[in-house]
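J.: take a look and give me a structure for this.
(2 chains)
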Amino acid sequence: MNRITSRRDLLIGAGLSASGLALGTLLPGRALASAAANYIDPLAPKQPHFPAKVKSVIWLHMAGAPSTLDLFDYKPQLIKLHGQPLPESFSKGLKTATDGGVGALTATPRTWKQYGETGAWVSDLLPNISKHVDHIAFLKGCKTEGSTHVISSLKLHTSALVPGRPSLGAWITYGLGSANPDLPSFVVLPTGKGGAGGGNGQVIWSAGFLPATYQGTSFRQGDSPILFLQRPDRVVETEQRGTLDLLKQINEKHAARFPADTELEARTRSYDLAYRMQVAAPEAVDLKQETAATRAMYGIGETPTDEYGTAVLRARRLVERGVRFVHVISGTQEDGIQSWDAHQEIEKNHSVMSKTVDKPIGALLRDLKARGLLDSTLVVWTSEFGRTPYGQTGDGRDHNPWGYTSWIAGGGIKPGSYGSTDEIGLRAQEGVVDTYDLQATVLQQLGLDHQKLTFQHQGRTERATTVFGDVIKNILA
Amino acid sequence: MQRKWRVAGAALATLALAAGAYAAELDLSDFDDSLMRSMDDAVKDLDSNVGGQELGAAQANVEILREGLARAEKYFAAKPEAPRGAGFARESQENLELVTKSLQVRDFDAASNGVRAVVRSCKACHEAYKPPE
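T.: The predicted model follows:
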């Protein structure tokens, strides 16, 4: 099959060799692959730029944008100014209204307490996460761009305001390869009735201009996250293997004519991965292998934590098995609520959403710590933006890209609070962290220099963080 | 180097939407829009050139930026309603000098840090004065 039989085959072979070499030059550190290799496994493990602090990331995407003013950012001055118009001294220079007027300042009705040795403020909406603040670095001066979910969600995940750039998980997979060839390296776990909720679908876990093999693999919700893992009853293993081998041969023949077609290459590899996953994946996602106590700790079997707890526990099992990046998108099964996007009835919305995520996330942090995994895992809690200190439609809050809180816990992270918003929580004023900085920091902890992780695209040397991004050194241990 | 004038849609959108911040009373419509667009392209090309260790192309883009930032400084110096604009432009030029010096000794890591410093001061100016599109 592999003999060169014609001039055409010779030219195709030369093209493949050249493409293999070209790919080799794109590896982190620009290592040159063996000139003899016709094919370079794009998912082969790669050395980081420097020793990594963590092996994996669990990215807790709070889709729809929670009001961190009601969760982590305690503002006594906002309580004092409750009911008053937004002072111009705070709003000057901001384009405030998105899809409604600017209502009066609205104090949070929550009760607040400081927790742990770090004294982090957490509201009564998050009684479980509050127990773990001494493992968390709160980034209280976050800011972003745009004021719609689509744009800001794209920016959070791809550093661009329009589709087409690779997501952070794809860059990480490109930079480090796979640590477990039997599982996808980048897994997406959506929850809730809204599909990906405010997560805006596949574009936020896309490989963009990177080869398609680096894109995220979205698992289904429910008890069967991956369909068709079982062979049909009437097909024996040798039969299935023979079918896949034939399919592979046909695909390889086609690929030889179109060596630059990464979509076909990704498809061919996905068939192989699917075959291997028939053994590895059922075990990885089977929560029955967990003790009843562990499942209960994550809120599995209860309303409203069952689905989100299932996703988060699966995330832990996946990073345990070497998956690099697990993107968990928050949602709920509650009727009428799809995400944190509370333009109306924020009390009801945030009560449901907090109950949905708090217990599972608290359990995740406790579980990772108990298993010694928190040292090798980064847990990132973030959203496309926050919400305004002024009201909207009477009982909601509008989008706020100017100031909100995210947090990071895990390997190499120094707990505490970093940065702040102004006195009413409208705008980041100290320790300002943009999404590019968050991405640069995550890459850093994985041993990747965001300035050196590059890919040639349309004549430009592209980076995950574009031309921006500074590692948040103040939170590194 | 061939000067790149292509429309960088995403890049421009980034600048256009920079935090949604603006000053409603500020009129900067007489600023040369094509100059800003060419600087936007040049800084992204420069970042790419530095990453790819393309010395000649990097130096060419530095020149585009040097000329553009000098013009921006002059423009803002005559705009008392945007008092920090000239300072931002000057700061960008100072950072650009760091890039120039780093390129002269082919220290591309230092040049990369310099490019990011240029970008920071440019972004700070856009966040302060860029009107919404």
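
J.: which helix or strand contains A:K359?
T.: A:K359 is part of helix A:346-370, with elements assigned from DSSP states H and E.

J.: please identify the buried residues of that helix?
T.: Neighbour-count burial for helix A:346-370 flags A:346, A:349-369 (criterion: 16 or more other Cβ atoms under 10 Å in any protein chain shown). C-betas here are computed from N, CA, C, even on glycine.

J.: and the next helix or strand past it?
T.: strand A:377-382.

J.: which neighbouring elements make contact with the helix or strand following that following strand?
T.: Where DSSP H and E defines the elements, the next helix or strand beyond strand A:377-382 is strand A:386-392. Under the contact criterion of 3 or more Cβ pairs under 8 Å, 6 or more residues apart in numbering or on different chains; DSSP states H and E, strand A:386-392 touches strand A:396-400, strand A:404-410.

J.: which one of those lies closest to chain B?
T.: Relative to chain B, the nearest member of those by Cβ to the nearest Cβ is strand A:396-400, separated by 9.6 Å.

J.: contacting residues around that closest one?
T.: Strand A:396-400 is contacted from outside by A:65, A:67, A:69, A:96-100, A:102, A:106, A:147-149, A:152, A:342-346, A:385-392, A:426, using Cβ atoms under 8 Å, 6 or more residues apart in numbering or on different chains.

J.: swap the cut-off to 6 Å and go again
T.: Here strand A:396-400 makes contact (Cβ atoms under 6 Å, 6 or more residues apart in numbering or on different chains) with A:S67, A:T98, A:S147, A:A342, A:H343, A:Q344, A:I346, A:F385, A:G386, A:R387, A:T388, A:Q392.

J.: so which of the residues you listed is the closest to A:T173?
T.: For the contacts of strand A:396-400, the minimum distance to A:T173 (Cβ to Cβ) is 26.1 Å, reached by A:F385.

J.: wait, the closest one touches A:P401, no?
T.: Yes. Counting by Cβ atoms under 6 Å, A:F385 touches A:P401, with 4.3 Å between them.

J.: overlap in contacts of the two?
T.: Residues touching both A:F385 and A:P401 (Cβ under 6 Å, 6+ apart) are A:T144.

J.: any weak-confidence spans in chain A?
T.: A:1-39, A:97-100, A:194-200 (pLDDT under 70).

J.: name the residues of it found near chain B, please.
T.: Chain A has residues A:93-95, A:145-147, A:160-162, A:451, A:454, A:460-461, A:467 near chain B, with proximity defined as Cβ under 6 Å from any Cβ of the partner chain.

J.: what about 8 Å?
T.: By Cβ under 8 Å from any Cβ of the partner chain, the residues of chain A that approach chain B are A:92-95, A:143-147, A:151, A:160-162, A:164-165, A:401-402, A:451-452, A:454, A:456, A:459-463, A:466-470.

J.: which among those end up buried?
T.: A:93-95, A:143-147, A:151, A:160-161, A:165, A:401-402, A:451-452, A:454, A:460-463, A:466-470.

J.: send the alpha carbons of stretch A:285-305 over as CSV?
T.: The C-alpha trace of stretch A:285-305 is given here as CSV (Å, rounded to 0.1, in the frame of the first residue of the first chain):
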residue,chain,number,x,y,z
VAL,A,285,-17.4,9.1,33.0
ASP,A,286,-19.1,6.3,35.0
LEU,A,287,-20.0,8.0,38.3
LYS,A,288,-21.2,4.7,39.8
GLN,A,289,-17.6,3.9,40.5
GLU,A,290,-17.6,6.8,43.0
THR,A,291,-18.8,6.1,46.5
ALA,A,292,-22.3,7.1,47.5
ALA,A,293,-20.7,9.6,49.9
THR,A,294,-18.7,11.3,47.1
ARG,A,295,-21.8,11.5,44.8
ALA,A,296,-23.8,13.0,47.7
MET,A,297,-21.0,15.5,48.4
TYR,A,298,-21.4,16.8,44.8
GLY,A,299,-25.2,17.0,45.2
ILE,A,300,-25.8,14.2,42.7
GLY,A,301,-29.3,12.8,43.1
GLU,A,302,-30.7,16.1,44.5
THR,A,303,-32.4,19.1,43.0
PRO,A,304,-31.0,21.5,41.7
THR,A,305,-27.4,20.2,41.9
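
J.: off-centre distance for it?
T.: Here the centre of stretch A:285-305 is set off from its chain's centre by 22 Å, with Cα atoms, centre = their mean, to the nearest Å.

J.: identify each buried residue in that stretch, please.
T.: Across stretch A:285-305, burial judged by 16+ other Cβ under 10 Å covers A:V285, A:E290, A:T294, A:R295, A:M297, A:Y298, A:G299, A:I300, A:P304, A:T305.

J.: I'd like to know how many residues surround A:G119.
T.: Residues lying near A:G119 (other Cβ atoms under 10 Å in any protein chain shown) number 12.

J.: any idea how far it lies from A:L69?
T.: To A:L69, A:G119 is 18 Å away according to Cβ to Cβ, to the nearest Å.

J.: kindly report the same for A:E239.
T.: 60 Å.

J.: which of these two has more neighbours?
T.: Higher neighbour count among A:E239 and A:L69: A:L69, with 28 against 12, using other Cβ under 10 Å.
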